[in-house]
Structure formats: C-alpha cells, structure tokens
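# Could you work out the structure for the sequence below:
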Amino acid sequence: LLAREILEHAADIVNAPRALMVWKKSGESLHYLALWSHDAFQWSYESASKFEPLVATLLVATNVLCPDARAEAPTVLYLSSAGLQHWQGMPLHLALRERFAIGAVLSLGLQGDMVEGRLFLLALQENEWVKFDVFTGAAAYR
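All right, here's what the predicted structure looks like:
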C-alpha cells in the first residue's frame with residue numbers, strides 16, 4: 001500500500017516509532033486512518049464526525065509540534081505569519097488522542113485536489129525535535 005510506504009518514509013525522517021495518517025476524500029463523510037509502526041500496519045475508516053476537528057481550530061492551517069498532548073495543559077508550537085508561536089491548549093481531538101495513545105506529536109497538514117487530512121508523527125524523542133525545522137521552518141523547541 002502507498003499509505004504504508006508514505007508513513008514509513010515520514011517516520012524514518014524524524015525517527016518516529018509510529019506514524020498516523022488521517023484523511024478524507026472530497027465529498028465523502030468518512031475519515032480513512034492508516035497507522036504504521038515498525039512491527040505493524042493498520043488500516044481503517046470511521047465516520048468523519050468521530051474525530052472532527054482533527055486539531056484545534058487555531059491549528060488547522062499550520063504544522064504543529066506538541067511535546068506531550070496528554071498533559072493537562074499541553075504546550076503547542078506552531079508557525080504563523082508572525083513566526084514561531086506558543087499556545088496552551090488541547091491540540092488534538094480527544095477521541096483521536098485517546099484511541100492512538102498520542103503523547104509527543106508532530107502534525108502536518110495534508111492538502112490535495114481530492115483529499116485533505118493530517119499526518120501525525122508519534123512518540124517522538126526530544127533529541128529528534130531538531131529535525132522539525134525540515135517540516136516547519138521553525139527553530140527547534142528546547
């Protein structure tokens with residue numbers, strides 16, 4: 001599957017142990033979900049309403065780094081036209097966070113002619129955060 005190859009390649013770039021891609025095709029009411037790890041690949045679909053919105057409204061149009069989405073008041077880094085921004089709040093839909101046990105996460109928006117969604121690189125180690133500027137153009141969080 002192409003999704004498996006995409007997730008494996010993206011995870012390799014930042015040494016993420018797991019990667020999740022969630023997307024919706026134009027005109028459909030389903031979210032497609034693909035979860036990759038070194039020893040497994042899972043594919044499923046759900047009603048789009050189950051995980052909407054995937055990320056907080058403030059974060060929909062940007063890439064997001066959150067060192068611990070499970071924290072009581074997570075710190076979120078994102079890039080805006082004003083530069084690197086800090087925000088405190090729940091970055092992900094709670095059901096998505098719970099189902100996939102999301103802690104440290106880098107989330108990137110996916111946009112195409114026929115699909116839209118997000119890539120989530122999961123369980124990242126702090127020493128890998130320096131690679132995030134490849135995706136965000138932002139300085140590493142320290």
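# Bridging across strands, which residues link to the closest residue to Met21 other than its chain neighbours?
Beyond its immediate neighbours in the sequence, the residue positioned closest to Met21 (CB to CB, 6 or more residues apart in numbering) is Ala34, lying 4.8 Å away. (C-beta placed from N, C-alpha, C; glycine too.) Judged by DSSP bridges, the bridge partners of Ala34 are Met21, Trp43.
# List the contacts of Ala34.
Neighbouring residues of Ala34 by CB atoms under 8 Å, 6 or more residues apart in numbering: Leu1, Ala3, Arg4, Leu7, Leu20, Met21, Phe41, Gln42, Trp43.
# Distance to Leu77, pLDDT and neighbour count added to the residues you listed, as JSON lines?
Formatted as JSON lines, the contacts of Ala34 follow (distance: CB to CB, whole Å; pLDDT from 0 to 100; neighbours: other CB atoms under 10 Å):
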{"residue": "Leu1", "distance to Leu77": "31", "pLDDT": "68", "neighbour count": "10"}
{"residue": "Ala3", "distance to Leu77": "27", "pLDDT": "91", "neighbour count": "17"}
{"residue": "Arg4", "distance to Leu77": "29", "pLDDT": "94", "neighbour count": "16"}
{"residue": "Leu7", "distance to Leu77": "22", "pLDDT": "94", "neighbour count": "24"}
{"residue": "Leu20", "distance to Leu77": "19", "pLDDT": "98", "neighbour count": "24"}
{"residue": "Met21", "distance to Leu77": "21", "pLDDT": "97", "neighbour count": "22"}
{"residue": "Phe41", "distance to Leu77": "29", "pLDDT": "97", "neighbour count": "13"}
{"residue": "Gln42", "distance to Leu77": "28", "pLDDT": "96", "neighbour count": "12"}
{"residue": "Trp43", "distance to Leu77": "30", "pLDDT": "95", "neighbour count": "13"}
